[in-house]
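Peer 1: Any chance you can model this:
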Amino acid sequence: MSDPGPAVFALNSCRTFGEAVVSSAAMELMPHEEREFEDGEFKIRPMSSVRNRDVFVIQSLYSDAQQSVCEKLCRLLFFTGALRDACADRITLVLPYLCFSRKDQKSRSRDPVTTRYVASMLEAVGASQVVTMDVHNLAAFQNAFRIPTEHLEARRLFADQLSRLALNVDLVVVSPDIGGIKRANALRETLCRQTRQVITSAWMDKHRSAGVVSGDAVIGEVEGRTVIVVDDMISRGTTLARTARACRQHGALQVYAIATHGLFAADAEAVLSTAPIDHIVVTNSVTPGRLSKEFQTQRVQTVSVAPLFGEAIRRMHEGRSLVELAEGN
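Peer 2: The predicted structure follows:
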């Protein structure tokens, strides 16, 4: 029998992104139903047979104006269970943004470890493997799951966007805290390879206690250079704003803010609009629905990661390696 190809679903809240993913890989989305009940409950099911099929479910887990992150997670859990009950062979959850990944260890007494709890729920309903991108803590993500995981990186796409800057200016890649140094160095190395130029690095000496951030020392040379501040996500934007101001105070000429997941909480636009940041570059793993159209047009550039996920789905279905995609080189 000929291979019918992967059965790819995108839940309603992630439909636009899912369509971009399958379009990039010459595939189609399978039909499904999400039926709402008057009391706020719902049912969700595939509308075509998935018996013995290799199934992929696309769902980015973040809150927006229509659904909370908890509702999106609940719908994913119920749909995964329905696929397992319908005798799907393998169920791969494609999660561009993985929720609750910031709390990945006990930093205070009786703290939850939500990364592990989410992993347990996904495993319990029958997920076979999980694919995500640029999680907050890669080691914690990999250790939380007992099923196979794949981790993609957006840095090659960011490097493509940024490499033209290195033709005429000196660049320095800055981590907003010590915990992000590895992420910043990975982007710096990728930029160096693409531009064949020497690019330096620096980092902020930042401290966080009970939600209060302090420290504004910049470790490294930024004077007279264009700064690229890189982080995994933007929520309120206070970390990026603080880092940008410190770099400007130390003589930086321009500041670019790079983050894979643009969550942009309710007051993020107010915080970032007054920050000395020339451009903000994010991916479409999250739809920046809380930002005004004017702010998005003037200050935010979006890099599409849909082709990256499309290629990952194709390779996984065909049993091919994801090393090049996963390493972001």
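
Peer 1: and after the longest helix along the chain, which helix or strand comes next?
Peer 2: In terms of residue count, the longest helix belonging to the chain (DSSP state H) is helix 69-85. Sequence-wise, the next helix or strand downstream of helix 69-85 (DSSP states H and E) is strand 90-95.

Peer 1: Please point out which parts of that following strand sit buried.
Peer 2: Burial within strand 90-95, assessed by neighbour count using 16 or more other C-beta atoms under 10 Å, is assigned to R90, I91, T92, L93, V94, L95. C-beta here means a position set from N, CA and C on the backbone, and glycine is covered the same way.

Peer 1: list the contacts for the third one?
Peer 2: With contacts defined as C-beta atoms under 8 Å, 6 or more residues apart in numbering, T92 is in contact with D54, V55, F56, V57, A127, S128, Q129, V130, V131, I313, M316.

Peer 1: Phi and psi next, for the spatially closest residue to F79 that is not a sequence neighbour.
Peer 2: If the residues on either side of it in the chain are set aside, F79 comes closest to I44, at 4.7 Å by C-beta to C-beta, 6 or more residues apart in numbering. Main-chain dihedrals, I44, degrees, to the nearest 10: phi -150, psi 130.

Peer 1: Show me what stretch 184-191 is in contact with.
Peer 2: Against stretch 184-191 from outside (C-beta under 8 Å, 6+ apart): 153, 155-156, 158-159, 162-163, 166, 171, 173-175, 199-201, 203, 228, 230, 258, 328-329.

Peer 1: Which stretches in the stretch 151-300 of the chain count as strands?
Peer 2: Secondary structure of the stretch 151-300 of the chain (DSSP state E, counting those that start in this stretch): strands at 171-175, 200-209, 212-219, 226-234, 254-262, 279-283, 300-303.

Peer 1: Turn those into JSON lines, including mean pLDDT.
Peer 2: Shown next, in JSON lines, are those (pLDDT from 0 to 100):
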{"stretch": "strand 171-175", "mean pLDDT": "95"}
{"stretch": "strand 200-209", "mean pLDDT": "78"}
{"stretch": "strand 212-219", "mean pLDDT": "69"}
{"stretch": "strand 226-234", "mean pLDDT": "96"}
{"stretch": "strand 254-262", "mean pLDDT": "96"}
{"stretch": "strand 279-283", "mean pLDDT": "95"}
{"stretch": "strand 300-303", "mean pLDDT": "94"}
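
Peer 1: for those strands, which one sits closest to M27?
Peer 2: Set against M27 and scored by C-beta to C-beta, the strands of the stretch 151-300 of the chain come closest in strand 279-283, at 20.4 Å.

Peer 1: hmm, back to that, filter the contacts of stretch 184-191 to the buried ones?
Peer 2: When these are checked against 16+ other C-beta under 10 Å, the ones flagged as buried are 153, 155-156, 158-159, 162-163, 166, 171, 173-175, 199, 201, 203, 228, 230, 258, 328.

Peer 1: pretty sure V131 is in a strand, no?
Peer 2: Yes: assignment of V131 by DSSP: H, G, I helix; E, B strand; the rest coil places it within a strand.

Peer 1: isn't it right next to M316, touching?
Peer 2: Yes: between V131 and M316 there is a contact under C-beta atoms under 8 Å: 7.5 Å.

Peer 1: got any residues that touch both of these two?
Peer 2: What both V131 and M316 touch, as defined by C-beta under 8 Å, 6+ apart, is the set T92, E150.

Peer 1: what's the distance between L98 and Y117?
Peer 2: 12 Å (C-beta to C-beta, to the nearest Å).

Peer 1: shared neighbours, these two?
Peer 2: By C-beta under 8 Å, 6+ apart, no residue touches both L98 and Y117.

Peer 1: Settle it for me: which of these two has more neighbours?
Peer 2: Counting neighbours by other C-beta atoms under 10 Å for L98 and for Y117 shows that L98 has the greater number, 28 against 13.

Peer 1: Need the nearest residue in space to the more buried one, chain neighbours excluded.
Peer 2: Nearest to L98 is T132, by C-beta to C-beta, 6+ apart, at 4.5 Å.

Peer 1: Residues in a beta bridge with the one you found, which ones?
Peer 2: Beta bridges link T132 to L95, H151, judged by DSSP bridges.
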